[in-house]
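1. structure here, sequence nowhere to be found:
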């Protein structure tokens with residue numbers, strides 16, 4: 001039995017339409033697959049980097065601990081009472097050398113961009129030359145350090161006579177402070 005020409009054309013048109021839909025679906029699938037594949041590649045690269053960071057965590061912790069142990073002897077403990085504590089340590093140095101603290105002032109200077117917080121100290125010390133030399137030696141060898149910004153040395157009293165000659169030092173010092181995180185052992 002022969003079919004009608006129009007029925008045949010309808011079947012051909014339907015077949016072509018189905019073929020076009022298949023091709024369009026295939027192209028859409030290929031486009032979506034390419035986007036998925038590129039996103040997966042980016043995600044895998046990022047996850048590998050994160051995995052590397054996580055795996056090197058103990059090494060980073062060890063290096064951070066080592067850095068903290070290297071830095072901590074060079075900075076004074078920070079905190080609320082830091083100015084008073086640093087001033088007290090300076091007094092102890094002066095008294096242990098046998099000199100006399102005439103006056104002292106402290107000022108806390110907060111951390112700024114690229115600079116650590118520090119305490120600025122101004123002190124006037126008097127005593128015999130030998131005691132002042134002993135004080136300056138102790139100041140130079142002390143850890144955590146007091147960084148000497150300026151020193152003015154002047155003679156005190158008579159320049160001749162049988163006794164030891166007196167002198168007076170006017171000092172300006174800086175004492176670097178540890179950040180609070182360094183004190184608590186936190187990164």
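-> Nice, I can see it. In this text the structure is predicted, and so the values were computed from the model without any measurement.
2. the strands in this protein, which residues?
-> 100-109, 118-128, 147-156, 166-176 (DSSP state E).
3. same for the third one, what does it pack against?
-> So the one you mean is strand 147-156. Where contact means 3 or more C-beta pairs under 8 Å, 6 or more residues apart in numbering; DSSP states H and E, strand 147-156 is packed against helix 129-141, strand 166-176. The C-beta positions use only the backbone N, C-alpha and C, and glycine is treated the same way.
4. name the residues of the last one that are buried.
-> Applying a neighbour-count criterion of 16 or more other C-beta atoms under 10 Å, the buried positions in strand 166-176 are 166, 167, 168, 169, 171, 173, 174, 175, 176.
5. and that strand, what other elements does it pack with?
-> Strand 166-176 is packed against strand 118-128, helix 129-141, strand 147-156, with contacts defined by 3+ C-beta pairs under 8 Å, 6+ apart.
6. what angle sits between the longest one and strand 147-156?
-> Pointing back at helix 129-141 there. Between the axis of helix 129-141 and that of strand 147-156 there is an angle of 180 degrees, by axes from the mean of the first three to the mean of the last three C-alpha atoms, to 10 degrees.
7. quick check: angle from helix 129-141 to strand 166-176?
-> 10 degrees.
8. and helix 129-141, what does it pack against?
-> helix 82-97, strand 118-128, strand 147-156, strand 166-176.
9. no further queries at this time; thank you.
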